[in-house]
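> Need coordinates for the below:
(chains A and B)
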Amino acid sequence: MDTVTDTAQKVAPLENAKGDKEVVIKIEHLKKSFGSNHVLDDINMELHKGENLVVLGRSGQGKSVAIKCIVGLLQPDGGSLKVFGEEVTSLNEQQLKDLRVRIGFLFQSGALYDSMTVRENLEFPITRVRKINKQSELDAAVKEVLEGVGLPDAIDKMPSDLSGGMKKRIGLARTLILKPEIMLYDEPTTGLDPITSREISKLILEMQKKYQTSSIIITHDMECARITSDRILVLNDGKFIAEGTYDELQDSKDELVRSFFK
Amino acid sequence: MSVEAKFSWNNVFEDAGNQVAFMGAFFRNLFRVGFEGNELIRQCYIIGYKSLSLTAITGFILGLVLTLQSIPTMKTFGAVSFVPAMVSISVIREIGPVIIALICSGKVASSIGAELGSMKVTEQIDALEVSGANPIQYLVVTRILACTLMIPLLTLMADALALGGGYLGANLGGHVSMLLYFNKSMQALNFSDLYPAVIKSVFFGFAIGFVGCYKGYNSNRGTESVGLAANSAVVSASLWVIILDGIAVQLTSIFAYS
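Just a heads-up that it's a prediction; the model follows:
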């Protein structure tokens, strides 16, 4: 079922009173290596409030590593990483936990807990983080997000009964149930057919509009980048080599950048 | 010392350090607010109830075989009447706890290792972490506690069934009344035979749960690592059971049977 209409519009990044765009994530000189493999080599980027930032790059270029550093799943080797003005690398366990609640992370595989039904998957974070245990409130929250992603009938299914696209939608619903301010999408359309990929891309826009999130979308799917991006960064050999809108980068003088659009 | 040997020693010490850190995380989260009681009950059901038939059959056959194997030898010394006592002491003190722990190393440690390993590969553990939940509290504390509680209970049940198996074994070659057999068995046992065995089983259960969780939780990413996690969980848990048994025998011979 496609609940996402073709009228999904991009939301402009929010500006403060001075007209500057509010920065929610700021990365400066970030470095990360695995042994002798320098995955991220002095990268700098900013995510503005309400913005959809797409990070493009070939496989193995460190796109996922960058967003895993943002939520503290990986420790960077150097540089500064500020989320909502707080330096992530210097947060203690509780502060990191509090920060993570404000950030949603959609994993490449959906990462649904396979021993639980869809309902239990959705109730899991809200009962533990928001401490909501009243069944009527849980039902309302689950119903709202499931309707949002267009899968209200999947509520009692096990993850093994869902298709790849459905898993991603439920994964998105589980993330959105905590109403995060920032969404990090790790290759949201990988492994999906073109029609489902387009539906997921439009769903990302719909959810951004509905929940007023700022998003980083890691992808190498150009259709997804075209639909979702306000701005695109191109990562190659651990560095950002280009920045611009979809249309600007399409006409880039850099052959590598242009090759993504062919 | 070769370069390879140096690297392997580095890995051994690194792994030992990681295990100490993992145990520290277990104890820190054991007493933390937000204990996962429902998950503990679910794990007790999976680890305890679902291992019931395997351990029951093992215990019963253990007593039966031990009796059948002992009777011919004891007959040559004219000491057949000591068979019930010999079987009960050896089963309660040593063979019961060790065999059940080894069986559970195979069944429980491997399944925990494989389950957590596949959760790691499919990023479910990362998802728990970024959602603000506590994966150590939810996945590790509950499984280790369930093993620590359930394996001594399974051992006690298997011990009782082993005595029943022994009674059947004694009756296959002749007729021994139930009253006489169990009277002889119980006369030979003291409370000091039982409690060291139970304490030993508690440590075996902890080791099995801990090793299974450690191997699964720290497995590498990739489907091959799931199999490796399950395999190394069985090997390490079995080894720990044997090592702990060696220590327990020394300690009980000093404190309990002296």
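
> Checking the residue lying closest to residue A:29 once chain neighbours are set aside next. Helix, strand or coil?
Nearest residue to residue A:29 in three dimensions, chain neighbours excluded: residue A:79, at 4.0 Å (Cβ to Cβ, 6 or more residues apart in numbering or on different chains). The C-beta positions use only the backbone N, C-alpha and C, and glycine is treated the same way. Of the three states, residue A:79 takes strand according to DSSP: H, G, I helix; E, B strand; the rest coil.

> Please report how far residue A:79 lies from residue A:33.
Noted for residue A:79: a distance of 12 Å to residue A:33, by Cβ to Cβ, to the nearest Å.

> I'd say the residue nearest to residue A:29 and residue A:31 touch.
Yes: proximity of residue A:79 to residue A:31 meets the contact threshold set by Cβ atoms under 8 Å, at 5.4 Å.

> list residues touching both of those two?
Taking Cβ atoms under 8 Å, 6 or more residues apart in numbering or on different chains as the contact rule, residue A:79 and residue A:31 both touch A:42-43.

> what residues are up against the residue lying closest to residue B:81 once chain neighbours are set aside?
For residue B:81, ignoring the flanking residues on the chain, the nearest one in space by Cβ to Cβ, 6+ apart is residue B:184 at 7.0 Å. Counting by Cβ under 8 Å, 6+ apart, residue B:184 touches B:81, B:84-85.

> So residue B:184 versus residue B:160, what's the distance?
16 Å.

> swap in residue B:169?
According to Cβ to Cβ, residue B:169 stands 15 Å off from residue B:160.

> Run through who's touching the lowest-mean-pLDDT helix or strand in chain A.
One helix or strand of chain A scores below all others by mean pLDDT, DSSP states H and E: helix A:255-259, with a mean of 86. Around helix A:255-259, the neighbours that count as contacts under Cβ under 8 Å, 6+ apart are A:234, A:236, A:241-242, A:249-252.

> Pick out the most distant pair among these.
Across the contacts of helix A:255-259, the longest distance by Cβ to Cβ is 18.2 Å; it joins A:236 and A:251.

> which residues sit against stretch B:128-144?
Under Cβ under 8 Å, 6+ apart, the answer for stretch B:128-144 is A:71, A:73, A:97-98, A:100-101, A:103, A:105, A:113, A:124-125, A:128-129, A:174-175, A:178, B:22, B:25-26, B:29-30, B:32, B:34-36, B:39-40, B:42-43, B:47, B:112, B:116, B:119, B:125, B:206, B:209-210, B:212-213, B:217.

> what ranges do the strands span in the stretch 101-250 of chain A?
A:103-106, A:182-186, A:214-219, A:231-236, A:239-244 (DSSP state E, counting those that start in this stretch).

> Any idea which of those gets closest to chain B?
Proximity to chain B (Cβ to the nearest Cβ) singles out strand A:103-106 among those, at 4.5 Å.

> Direction included, what does the closest one pair up with?
Partners of strand A:103-106 in the sheet, by DSSP bridges, are strand A:182-186 (parallel).

> Pick the most deeply packed of the strands of the stretch 101-250 of chain A.
The highest mean neighbour count among the strands of the stretch 101-250 of chain A, using mean count of other Cβ atoms under 10 Å in any protein chain shown, belongs to strand A:103-106: a mean of 27.

> Alpha carbons of it, in CSV - could you do that?
Output in CSV follows, covering the C-alpha atoms of strand A:103-106 (Å, rounded to 0.1, in the frame of the first residue of the first chain):
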residue,chain,number,x,y,z
ILE,A,103,18.3,11.0,17.5
GLY,A,104,16.6,8.3,15.5
PHE,A,105,18.7,5.8,13.6
LEU,A,106,17.2,3.7,10.7
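
> mean confidence for that strand?
Regarding strand A:103-106, the rounded mean pLDDT is 93.

> Check the offset of the helix or strand of chain B with the lowest mean pLDDT from the chain's centre.
For chain B, using mean pLDDT, DSSP H and E, the weakest element among its helices and strands is helix B:3-30, scoring a mean of 84. With Cα atoms, centre = their mean, to the nearest Å as the basis, helix B:3-30 stands 22 Å off its chain's centre.

> Going by neighbour count, which residues in it are buried?
Neighbour counts over helix B:3-30 (16 or more other Cβ atoms under 10 Å in any protein chain shown) mark B:19, B:22, B:26, B:29 as buried.

> near chain A, which of those show up?
Residues of those in contact with chain A (Cβ under 8 Å from any Cβ of the partner chain): none.

> Of those residues, which is the nearest to chain A?
Closest to chain A, out of all of the buried residues of helix B:3-30 and judged by Cβ to the nearest Cβ, is residue B:29, at 10.7 Å.

> Okay, that closest one and residue B:213: tell me how far apart.
From residue B:29 over to residue B:213 the distance is 12 Å, taken as Cβ to Cβ.

> pLDDT weak spots in chain B?
Flagging of chain B using pLDDT under 70 yields the residue ranges B:1-7, B:256-258.

> ok, which residues in it are in contact with chain A?
Going by Cβ under 8 Å from any Cβ, the residues of chain B near chain A are B:34, B:119, B:122-124, B:126-134.

> ok, which pair from those residues is furthest apart?
B:34 and B:122 (24.2 Å).

> if we can go back for a sec, would the residue nearest to residue B:81 count as being in a strand?
No: Residue B:184: not assigned to a strand; according to three-state DSSP it is helix.

> what about residue B:219, which SS state?
Per three-state DSSP, residue B:219 ends up coil.

> check contacts around it.
Contacts of residue B:219 (Cβ under 8 Å, 6+ apart): B:113, B:116-117, B:120-121, B:225-226, B:228-229.

> how far is stretch A:36-46 from where the chain is centred?
On the basis of Cα atoms, centre = their mean, stretch A:36-46 sits 19 Å off its chain's mean C-alpha point.

> And stretch B:133-140, by the same measure?
22 Å.
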